[in-house]
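# Output the structure for:
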Amino acid sequence: MNDLDLLLTPEGSALLDEVRDTDPARELAVATRLRREHPAELVSAALGQARLRQRAVAKFGAEDAGRMFFTPNGVEQSTRASVGAYRARRMAESGITSVADLCCGIGGDAIALARAGIRVLAVDRDPQTAAAARANAEALGLAGLVEVREADVTEVDTAGFDAVFVDPARRGGRGRIFDPEAYSPPLSWAVSAARRAPHAALKIAPGVPHEAVPEDAEAEWISDGGDVKEAVLWFGTEPGAVRATLLPGPRSLLSRGLPDPDVRPPGRYLYEPDGAVIRAHLVAEVADQVGGGLLDATIAYVTGDTLRPTPYATAYEITDHLPFNVKRLKALLRERQVGTLTVKKRGSAVEPEELRRKVKPQGPHAATVFLTRVAGAPAMLIGHPA
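Numbers count the residues shown, from 1 in each chain. Okay, here's the model as predicted:
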C-alpha cells in the first residue's frame, strides 16, 4: 500500500485529524507516542501529509488544504487557488462547459474549473499524483464533475471537449526549467494540442520570452497580491493580445502598442509598476496613465510631477534625489531620524541588506530608498508611499 492508500482508510483518516496541527518541532515526540498504537508507516504518512497540508494553506486556504491530499511536488507546482479560480471564471464566462485538464497534478486547477460548473477530465501520468487528484475531487465534493485518468497526456483524445488546459511540468531534478522546449511535455506539443481545440489555455513560466509567444495566442501575465504567479497563453480569444492581470480584482491592463516612454528627470513622484505589468512589457501603458516618463531607458521605474493613482503601479512621493553615495545617504537618514528603511532596487548591484548594515538606520521615522539609475548614472531616490 502507498501512503495515500493508508491515509484513506478509516484509521488513516482519524489519525490525520489527530495530527492536523502538529508543530514540526514536536514531530519526533508525537511520532514516538503514536507508534505505540498505530503502524509506523501510517504514522509517518499522516505526519508527512499534515506537514504538506500546512505548507499548502498559503495556496489553497486553511479549509481546503485541511481536507486535500498532497505530494511534495504537488504543493510546490500547483496553482494558487485564487489564480485558478480567475482562469476558471474566464473560461465559464466564455461559454466553456467542458475542459480536458492535461498534466493535472494534484488537481488544483480541476477543482477550480469544477467549482465554476465546468466538467473536467483531469489527466496525469504519475500514479500517485493522479490518485491524489482523485482523492481531492472526492474530498471537496466535486467527483461528479471531475473524472481523473492516469495516462500519458500525449495519448489522450480531447475531441468533444470545449477546451484544453495544459500545465506542463517546469521543474526537473535540478530545479526550475527555463527552456520552454524542456517542459514536460514541451511547449511546442502543448501549442499543437491547443490549436486542435476550440479553446485552450496553456500555463507557462512568467519569464517566458515574448518571442516564444505564438502569433495566434493571447498572452496574459497574472500577479496575486503583487507577486507574479504565471503567464497564460490563451487560444480562441484575442490573437496577439497582451495583457497584465492583477489579483485580487481582477484588474486587467491591455496592451495598446504604445512606444517606449521618453526618459526624463525625476519628478515629484515615482511609480513602481506591478510585476505582471513589467513582465507583459506594459510599462508604457502605465506611463501614459500617469503622464510620466522613465528614469532610465532600461529600467521600469516611471516618474511624473503629479499624483495620478493607478492600480497597476505603486506611487511614492520623492523627497530627495542624490547620486549614489552611501555616506551621504547615512547622513541624510540620521538627520531625518529614519529607523525603518525599505530598500528597493532596479539596475543596482547593491544588496538591500548590505546597504542597511552600512547606513545603520535609527529613529522613529520610516523612508524608502530606490537604488537605480537616472539617465544611466547610479542614483538614490528617497521618499515614502504617496
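
# quick one: the strands in the stretch 51-200 of the chain?
98-102, 119-124, 146-150, 163-166, 171-172, 175-176, 199-204 (DSSP state E, counting those that start in this stretch).

# and the direction of the third one versus that of strand 98-102, what angle?
Translated: strand 146-150. Per axes from the mean of the first three to the mean of the last three Cα atoms, to 10 degrees, the angle that strand 146-150 makes with strand 98-102 is 30 degrees.

# go on, the second one?
Here the directions of strand 119-124 and strand 98-102 differ by 10 degrees (the same axes, to 10 degrees).

# Need the residues that contact strand 119-124.
In this structure, residues lying in contact with strand 119-124 by Cβ atoms under 8 Å, 6 or more residues apart in numbering are 97-105, 107, 110, 113-114, 130, 133, 137, 145-151, 153, 156, 158, 161. Heads up, the C-betas are built off the backbone N, CA and C, glycines and all.

# Put the alpha carbons of the helix or strand hosting residue 27 into PDB.
Here residue 27, judged by DSSP states H and E, is contained in helix 27-34. Extracted in PDB, the C-alpha atoms of helix 27-34 (Å, rounded to 0.1, in the frame of the first residue of the first chain):
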ATOM      1  CA  GLU A  27       7.100  15.600  15.300                       C
ATOM      2  CA  LEU A  28       9.500  13.200  16.800                       C
ATOM      3  CA  ALA A  29       7.800  13.100  20.100                       C
ATOM      4  CA  VAL A  30       4.400  12.800  18.500                       C
ATOM      5  CA  ALA A  31       5.500  10.000  16.200                       C
ATOM      6  CA  THR A  32       7.000   8.100  19.100                       C
ATOM      7  CA  ARG A  33       3.800   8.300  21.000                       C
ATOM      8  CA  LEU A  34       1.500   7.400  18.100                       C
END
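
# who does that helix touch, helix- and strand-wise?
Applying 3 or more Cβ pairs under 8 Å, 6 or more residues apart in numbering; DSSP states H and E, one finds that helix 27-34 makes contact with helix 10-19, helix 40-65.

# I'd like the mean pLDDT over the shortest one, please.
Across helix 10-19, pLDDT averages out at 93.

# can you check the last one too?
For helix 40-65, the per-residue pLDDT values average out at 94.

# Next, the angle helix 10-19 makes with it.
For helix 40-65 against helix 10-19, the angle between stretch directions is 60 degrees (the same axes, to 10 degrees).

# Work out for me the element the residue positioned nearest the centre of the chain sits within.
For the chain, the residue lying nearest the average C-alpha position, counting by Cα atoms, centre = their mean, turns out to be residue 229 (1.7 Å). Using DSSP H and E, residue 229 sits within strand 227-235.

# and that strand, what does it pack onto?
With contacts defined as 3+ Cβ pairs under 8 Å, 6+ apart, the secondary structure elements packing on strand 227-235 are helix 81-93, helix 187-195, strand 199-204, strand 218-224, helix 275-279.

# got the contact list for the third one?
The one in question is strand 199-204. Contacts to strand 199-204, defined as Cβ under 8 Å, 6+ apart, come from residues 79, 87, 90-91, 94, 96, 109, 162-168, 170, 180, 183, 187, 190-191, 193-194, 217, 230-237.

# repeat for the longest one
Applying Cβ under 8 Å, 6+ apart, the set of residues contacting helix 81-93 from outside is 59-61, 64, 79, 99, 108-109, 111-113, 115-118, 163, 165, 199, 201, 222, 224, 229-230, 232, 234, 245, 247-248, 250.

# average pLDDT for that helix?
The predicted model assigns helix 81-93 a mean pLDDT of 97.

# The third one now?
Confidence over strand 199-204 (mean pLDDT, whole number) is 96.

# how big is the angle separating it from helix 187-195?
Orientation note: strand 199-204 sits at an angle of 160 degrees relative to helix 187-195 (the same axes, to 10 degrees).

# sorry, back to before: report the buried members of the contacts of helix 81-93.
Buried members of the contacts of helix 81-93, counted by 16 or more other Cβ atoms under 10 Å: 59-60, 64, 79, 99, 108-109, 111-113, 115-116, 118, 163, 165, 199, 201, 222, 224, 229-230, 232, 234, 245, 247.

# how many neighbours does the closest residue to residue 219 other than its chain neighbours have?
If you skip the residues right next to it in sequence, residue 219 has residue 213 as its closest partner in space, 4.6 Å away by Cβ to Cβ, 6 or more residues apart in numbering. The tally of other residues near residue 213 (other Cβ atoms under 10 Å) stands at 18.

# Now residue 213. Its backbone dihedrals?
Dihedral angles of residue 213 (phi, psi; degrees, to the nearest 10) stand at phi -80, psi 120.
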